[in-house]
Structure formats: C-alpha cells, structure tokens
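Novice: sharing a model that was predicted from the sequence below.
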Amino acid sequence: MKGLPTANSDRSLFLRTDFSDDVAWEALCVAIQEPSIEGFVASFDYVNDPIYAGLGVEELLNLRPDEAGHYFLYVADAKCFANSECPILVVDLYTDPGRTIRVIQSEVCGVENNLSISNMDFEDFEDEAGPDGVFRGFTD
C-alpha cells in the first residue's frame, strides 16, 4: 500500500476512509470550506482514494512518510458520516502520534487554522471536548 501523501504545500491533509456515500463526502467537503463565524477558512488538500478505505488510526500512522510532512491528519471515517454533526477525526502525527480528537464540521476551520500555525496546541481542543471526545467549540 502506498503511504500518505507528503506535504507539498501549506495545506492540511483531509483524508477519506469511508466510501459508503459519495454525496455525503461531497457535502462535507463543501461544508468545511465555509468560513467560520470568526472568519477562519480551512486550507485542505483532499485525498479521496479508495486505497485508504476502512483504515484506522494505527494503520494510517504506519503510512506516514519518514520525512517531515503534515503534523495533523483530518479523517472522514464511518463514524463521521454516521453522525449528524459529522465529527471529523483529527489525528496527531507529530507531538504524540496517534492521539485523536473529533471535531464537528462547523468547528474544523478554527481547529485547522490554529493548529497549522501553532497558535494553539492539540491539548487546547482536547481540554474543551465533551465527555464523548468531540470538540464543539469553546465554552465561556
């Protein structure tokens, strides 16, 4: 199996691992390109290749390239599409490889922007996740 694509831009990697619903995938891609209320716009390279179908976190980690690349991986998996909030799986590939959090689609722009420029740490979002491990935004 081929590895994950390497970073060739300043864009984050958004990977599809569930291929059960093309319409849902296309709708999710459109939805996460909408600017957030705060004005964040996600910057993703989309990977829509059935070779990654059904892969879990451990398998995806094994596909990481050895050279520097993406620090976080955003994954549209079966759990994402099975929930109306579309909680996207975010996988840490760098600091603590394999650590995950889920982020609802309406918050993914802010998460991607802040993580990609190291304005915030993964822990900042983990600390605000609900008991189900899903980040739905910051509470006051």
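Specialist: Received, thanks.
Novice: show me how far stretch 85-92 is from its chain's centre.
Specialist: How far stretch 85-92 lies from its chain's middle: 5 Å, per Cα atoms, centre = their mean, to the nearest Å.
Novice: residues in contact with it?
Specialist: Under the criterion Cβ atoms under 8 Å, 6 or more residues apart in numbering, residues 14, 28, 31-32, 57, 60-61, 71-77, 79-80, 98-105, 108, 111, 115, 122, 125, 134, 136 lie in contact with stretch 85-92. In short, each C-beta sits where N, CA and C put it, glycine included.
Novice: could you turn the buried ones of those residues into a PyMOL selection?
Specialist: Under the burial definition 16 or more other Cβ atoms under 10 Å, those of these that qualify are selected in PyMOL by:
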select buried, resi 14+28+32+57+60+61+71+72+73+74+75+76+77+80+99+101+102+103+104+105+108+111+115+122+125+134+136
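Novice: in this protein, which spans are strands?
Specialist: Using DSSP state E, the strands found in the chain span residues 12-16, 44-47, 72-76, 88-92, 100-103, 134-135.
Novice: distance to Val23 added to these, as a markdown table?
Specialist: Shown next, in a markdown table, are the strands of the chain (distance: least, Cβ to Cβ, whole Å):
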| stretch | distance to Val23 |
| --- | --- |
| strand 12-16 | 13 |
| strand 44-47 | 15 |
| strand 72-76 | 13 |
| strand 88-92 | 17 |
| strand 100-103 | 22 |
| strand 134-135 | 23 |
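Novice: cool, thanks, signing off.
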